[in-house]
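K.L.:
need a 3D model of the following:
(chains A and B)
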There are 2 protein chains.
Amino acid sequence: MRPDFEKMNGLVPAIAQDAKTGEVLMMAYMNEQAWDKTLETGEVHYWSRSRQELWHKGGTSGHVQKVHTIRLDCDDDTILVLVEQLGGAACHKGYRSCFYRELKDGKVSECSPVVFDPKEVYKK
Amino acid sequence: MRPDFEKMNGLVPAIAQDAKTGEVLMMAYMNEQAWDKTLETGEVHYWSRSRQELWHKGGTSGHVQKVHTIRLDCDDDTILVLVEQLGGAACHKGYRSCFYRELKDGKVSECSPVVFDPKEVYKK
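P.N.:
Reported below is the predicted structural model:
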């Protein structure tokens, strides 16, 4: 079971979902290096498109994602990682989930709690 | 609340999640037309990259996705749609979820039930 990196020009979308609650936490991208590192370490690694470097999720904030299960879709071009989210938050803005805004019945509201203050966590 | 289509060269990843069970069903892409059509009709529309056309999910199989809630991530570049999956299956191979294979503790196994026979559904 291995994503088809070639088909995707090297970058495959990877969804992180909380293994316990089922909440979708974030989506980012993995290249082969990030995939291998994730399997090897049991902690989720992505490829940062903005920084163009391997990104150990939580390396700075401590909000590491421990791998619980990895799933692959029918086209081998999307990864779903069930994780234990250390620190309880995935979003760099401090929300539990990056998907913290929702549109329902025509109204926009916030739907994910703030877990930390980014100014405190990233001040170093 | 609107995805940043421009930043993403017109195509934004859209994750479909079962609103009741929390199961992640599939991921595909929306362009502006698909996004607008989804909001307008209350049924999920994607942009098919392979066919290069608007794709009313379930239009052929009857396995339409009714919109429950739409969420957007912190970077405005990923959509999460909570859906009611009519027919009980999202995958064109007949599985409930496109993410039907998983790797856990070093073992690969199937993790989503087969709901329909693709040969029957797509025979027309």
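K.L.:
so how far is the longest helix seen in chain A from its chain's centroid?
P.N.:
In chain A, taking DSSP state H as the definition, the longest helix is helix A:32-41. Put simply, helix A:32-41 sits 14 Å off its chain's centre (Cα atoms, centre = their mean, to the nearest Å).
K.L.:
residue contacts, the nearest residue to A:Met26 once chain neighbours are set aside?
P.N.:
Using Cβ to Cβ, 6 or more residues apart in numbering or on different chains and skipping the chain neighbours, the partner closest in space to A:Met26 is A:Cys98 (4.2 Å). All C-beta atoms are positioned from the backbone trio N, CA, C, and that covers glycine. The contact partners of A:Cys98, by Cβ atoms under 8 Å, 6 or more residues apart in numbering or on different chains, come to A:Leu25, A:Met26, A:Met27, A:Ala90, A:Cys91, B:Asp73, B:Cys74, B:Asp75, B:Thr78.
K.L.:
hmm, 6 Å instead?
P.N.:
A:Met26, A:Ala90, A:Cys91, B:Asp73, B:Cys74 (Cβ atoms under 6 Å, 6 or more residues apart in numbering or on different chains).
K.L.:
in chain A, where is pLDDT below threshold?
P.N.:
Scanning chain A for pLDDT under 70 picks out the ranges A:124.
K.L.:
show me where it has strands.
P.N.:
A:12-18, A:24-30, A:45-48, A:53-56, A:65-72, A:79-85, A:101-104, A:107-110 (DSSP state E).
K.L.:
re earlier: and the longest helix of chain A, what does it pack onto?
P.N.:
The contact analysis (3 or more Cβ pairs under 6 Å, 6 or more residues apart in numbering or on different chains; DSSP states H and E) places helix A:32-41 against strand A:45-48.
K.L.:
partners of the strand it packs on, with directions?
P.N.:
Sheet pairing for strand A:45-48, assigned by DSSP bridges, gives strand A:53-56 (antiparallel).
K.L.:
buried residues of the partner strand, list them for me.
P.N.:
Residues A:Trp55, A:His56 are the ones in strand A:53-56 that count as buried (16 or more other Cβ atoms under 10 Å in any protein chain shown).
K.L.:
right, and A:Lys93 touches A:Tyr122 too?
P.N.:
No - counting by Cβ atoms under 6 Å, A:Lys93 does not reach A:Tyr122; the two are 10.5 Å apart.
K.L.:
just give me the neighbour total for A:Asp120.
P.N.:
Asp isn't right for residue A:120; it's Glu. Number of residues near A:Glu120 (other Cβ atoms under 10 Å in any protein chain shown) recorded here: 10.
K.L.:
any idea how far A:Ser61 is from it?
P.N.:
For A:Glu120, the distance to A:Ser61 equals 10 Å [Cβ to Cβ, to the nearest Å].
K.L.:
kindly report the same for A:Met30.
P.N.:
Noted for A:Met30: a distance of 19 Å to A:Ser61, by Cβ to Cβ.
K.L.:
again, but for A:Glu23
P.N.:
Look at A:Glu23 and A:Ser61: by Cβ to Cβ, they are 18 Å apart.
K.L.:
show me the contacts for the residue in chain A that chain B sits nearest to.
P.N.:
Residue nearest to chain B within chain A (Cβ to the nearest Cβ): A:Gly22, separated by 2.9 Å. Residues near A:Gly22 by Cβ under 6 Å, 6+ apart: B:Gly22.
K.L.:
quick one on the thing from earlier: give me the more crowded residue out of A:Met30 and A:Ser61.
P.N.:
Each of A:Met30 and A:Ser61 has its neighbours counted (other Cβ under 10 Å); A:Met30 has more, 26 against 19.
K.L.:
burial of A:Glu32, as a residue count?
P.N.:
That count, for A:Glu32 with other Cβ under 10 Å as the rule, works out to 15.
K.L.:
got the residues of chain A near chain B?
P.N.:
Within chain A, the positions near chain B by Cβ under 6 Å from any Cβ of the partner chain are A:1, A:13, A:15, A:17, A:22, A:24, A:27, A:69-74, A:78, A:80, A:91, A:93, A:98-99, A:101-104, A:108.
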